[in-house]
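> When you get a sec, could you give me coordinates for this:
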Amino acid sequence: MSTDAAQVLRRAAELRSTLSTQFRDETVKSIYAEAERVARRASHSIGTARYDFDQRIDRLVTSPIFGLPIMALLLALVFWLTVAGANVPSAMLAQFFSGLKTTPRPVSTRWAPHGG
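Numbering: from 1, shown residues only. Below you'll find the predicted structure:
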């Protein structure tokens, strides 16, 4: 082990001995309080029917009754938007090119050299 690492470990041992006996208890107590808060937020008891908005959406979309029809409707909507959305640039291009298709004008060839 290098000298720096040994010094760090030695210093940590010195500082650990200066901590009060309640420090460890308070640390563990705060860790358990945080774990309890997270568990309370993540789970619900059987008697409570209060769900957050995202949990309600999740339960609806992943339900065996409504999940598949909702996903099929979303897929159909995306497909329809793709087909209908493709008509907009296509119509714009058609309008642009139809404006270019005016009556053809004869091209002047005065500049062309005459063979002879």
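
> and the lengthiest helix in the chain, what does it pack onto?
Assignment by DSSP state H gives helix 67-100 as the longest helix of the chain. The contact analysis (3 or more C-beta pairs under 8 Å, 6 or more residues apart in numbering; DSSP states H and E) places helix 67-100 against helix 53-61. Quick note: C-beta positions are derived from backbone N, CA and C, even for glycine.

> average pLDDT for the helix it packs on?
Averaged across helix 53-61, the pLDDT comes to 87.

> Which residues does it contact?
Identification of contacts with helix 53-61 by C-beta atoms under 8 Å, 6 or more residues apart in numbering yields 51, 66-67, 70-71.

> In TSV: the residues you listed, plus distance to Glu36 and neighbour count.
Shown next, in TSV, are the contacts of helix 53-61 (distance: C-beta to C-beta, whole Å; neighbours: other C-beta atoms under 10 Å):
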residue	distance to Glu36	neighbour count
Tyr51	20	12
Phe66	34	12
Gly67	32	13
Ile70	35	14
Met71	36	12
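
> Same list, those residues, but as CSV with distance to Leu9 please.
Converted to CSV, these look like this (distance: C-beta to C-beta, whole Å):
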residue, distance to Leu9
Tyr51, 49
Phe66, 59
Gly67, 55
Ile70, 58
Met71, 56
